[in-house]
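>>> Sequence and predicted model, in that order:
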Amino acid sequence: MKNLILVIFICLSLAFSQRLSTEDFSTLDREIAGLMDAWVNISEGQRTDATGLFTAGTAVLRAEKAFQNAKLCNVETLPAQVDSCWSNYLKSSADCIIIFQMAIGSSSFSSSENNLLTTFARWETCGEEFLESVQSTR
């Protein structure tokens, strides 16, 4: 019975997963960049403005959806180096989402901004490393 449940789980996981595509990467990349855009708007004085907070909330929802879709991608056929870089990119994307959410709710704007900038810099580096790893396998 235990083995049957395991087989069913694996089959369902494979059925709902799709191969990693450039669209998955670019969608996630665009939505995380959207978080940075929302932060710039907030830092320019729209922090308490309802429009700024609405934009930030929408950016978070879009980034979370793109992250979930990217996480479901089947990466079993990727070379080890590319898979490792993709995993790092996903982790840094998740960090951006989490730190952004914490920054929006924080009362300390300057420390939140420093944490956010550090997280976004790591995300940018991981994205570049992922792209370089893909190009090196061609």
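Thanks, I have it. Numbers count the residues shown, from 1 in each chain.

>>> Just the buried residues of the helix or strand hosting residue 68, please?
Using DSSP states H and E, residue 68 falls within helix 50-71. Of the residues in helix 50-71, 52-53, 55-56, 59-60, 62-63, 66-67, 70 count as buried by neighbour count, 16 or more other C-beta atoms under 10 Å. To be clear about C-beta, it is placed using only N, CA and C from the backbone, and glycine gets the same treatment.

>>> Hmm, residue 34 and residue 66 touching each other?
No: judged on C-beta atoms under 8 Å, residue 66 makes no contact with residue 34 at a distance of 9.1 Å.

>>> about what we covered before: turn the buried residues of helix 50-71 into a markdown table, including distance to residue 133.
Formatted as a markdown table, the buried residues of helix 50-71 follow (distance: C-beta to C-beta, whole Å):
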| residue | distance to residue 133 |
| --- | --- |
| 52 | 36 |
| 53 | 37 |
| 55 | 33 |
| 56 | 32 |
| 59 | 27 |
| 60 | 28 |
| 62 | 26 |
| 63 | 23 |
| 66 | 20 |
| 67 | 20 |
| 70 | 16 |
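
>>> got a markdown table for these, with pLDDT and distance to residue 115 too?
Formatted as a markdown table, the buried residues of helix 50-71 follow (pLDDT from 0 to 100; distance: C-beta to C-beta, whole Å):
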| residue | pLDDT | distance to residue 115 |
| --- | --- | --- |
| 52 | 76 | 19 |
| 53 | 79 | 19 |
| 55 | 85 | 20 |
| 56 | 88 | 16 |
| 59 | 94 | 17 |
| 60 | 95 | 16 |
| 62 | 96 | 21 |
| 63 | 96 | 17 |
| 66 | 95 | 22 |
| 67 | 95 | 19 |
| 70 | 90 | 23 |
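
>>> and stretch 84-96, C-alpha only, in PDB?
Provided in PDB are the C-alpha atoms of stretch 84-96 (Å, rounded to 0.1, in the frame of the first residue of the first chain):
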ATOM      1  CA  SER A  84      22.300  23.900  -9.100                       C
ATOM      2  CA  CYS A  85      22.200  27.500 -10.400                       C
ATOM      3  CA  TRP A  86      18.400  27.200 -11.000                       C
ATOM      4  CA  SER A  87      18.000  26.000  -7.400                       C
ATOM      5  CA  ASN A  88      20.100  29.000  -6.100                       C
ATOM      6  CA  TYR A  89      18.000  31.400  -8.300                       C
ATOM      7  CA  LEU A  90      14.800  30.000  -6.900                       C
ATOM      8  CA  LYS A  91      16.100  30.400  -3.300                       C
ATOM      9  CA  SER A  92      17.200  34.000  -3.900                       C
ATOM     10  CA  SER A  93      13.800  34.700  -5.600                       C
ATOM     11  CA  ALA A  94      12.000  33.400  -2.500                       C
ATOM     12  CA  ASP A  95      14.300  35.500  -0.300                       C
ATOM     13  CA  CYS A  96      13.300  38.600  -2.300                       C
END
